[in-house]
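Q: What follows is a predicted structure for the sequence shown.
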Amino acid sequence: MAHFHSDAQSAAPGADPLLVLQRWYEEAQANKDPLPDAMTLATASSDARPSARIVLFKGILRGGIFFVTNYQSRKARDLEENPRAALVLHFPTWERQVRVEGRVERTAPSESEAYFQSRPRGSQLGAWASPQSQPITSRAEIEARSQEVEHRFEHSPVTRPEFWGGYLVIPEVVELWLGRADRLHDRFVYRRDADANPWRIERLAP
């Protein structure tokens, strides 16, 4: 595996952790890291029951980390009850990890629309076909729903469902983790009390 070495042993990899995340993501893409956009999203319900799953990192938008989902899914229900989340992105080839904690808000409908229209047509149809996180009777049911949706939009562009769209995780705490030999890893935690404030950076023991 590739080991990251900062310019100075005591130096954080950058003053803004979101810029570092974007750079690491682009380097992972360029070097064919497996699934660089895979991102663990952890949520909790109003009664503090945690839940985690993999979603896809869709970039950084207005200072937040962007992902999309069905607004009727379990994750969305959690976020409506408790609009806070944690994220983990892992780039194993480079031995890099990014951990994020912050508040969550929906993207504007226009932002969700712009992303929806950039998706492949099959993914657009899938957003309509799947009642995400809801019980279904069989595989045949979802295939029938998919065929019905294909027929509905056979001669027209696929519109965005109102129940589908984006979220932003607005970071309040970010940890950048860099692999080192003998498990003596580099860890830098970034914190700020308000979005407009500069980040405070501390080095953590591995």
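A: Yes, it's here. Numbers count the residues shown, from 1 in each chain.
Q: pLDDT wise, what is the residue positioned nearest the centre of the chain at?
A: The centre of the chain sits closest to F57, judged by C-alpha atoms, centre = their mean, with a distance of 3.9 Å. With respect to pLDDT, F57 scores 98.
Q: ok, now R180?
A: The per-residue pLDDT reported for R180 equals 89.
Q: Next: S138.
A: 88.
Q: Check the spacing between it and S73 real quick.
A: 20 Å (C-beta to C-beta, to the nearest Å). C-beta: built from backbone N, CA, C; applies to glycine.
Q: who has more neighbours, the two?
A: Per other C-beta atoms under 10 Å, whichever of S138 and S73 has more neighbours is S73, with 18 against 8.
Q: okay but the more buried one is in contact with S133, surely?
A: Yes - using C-beta atoms under 8 Å, S73 is in contact with S133, at 4.4 Å.
Q: coming back round to it: I'd like to check which residues are in contact with the residue nearest to the centre of the chain.
A: Y25, P36, D37, A38, M39, I65, F66, F67, L89 (C-beta atoms under 8 Å, 6 or more residues apart in numbering).
Q: any idea which of these has the most stuff around it?
A: Greatest neighbour count in those, by other C-beta under 10 Å, goes to I65: 26 neighbours.
Q: re the thing from before, from the contacts of F57, pick the one nearest A194.
A: I65 (17.7 Å; C-beta to C-beta).
Q: how much space between that closest one and R183?
A: 28 Å.
Q: Repeat that for E154.
A: 56 Å.
Q: likewise T40?
A: Noted for T40: a distance of 21 Å to R183, by C-beta to C-beta.
Q: Who has more neighbours out of those two?
A: T40 (14 against 7).
Q: which outside residues touch the helix or strand bottoming out on mean pLDDT in the chain?
A: Every helix and strand of the chain was ranked by mean pLDDT, DSSP states H and E. The lowest is helix 139-152, at a mean of 88. For helix 139-152, contacts defined as C-beta under 8 Å, 6+ apart pick out L125, G126, W128, A129, S130, P131, I136.
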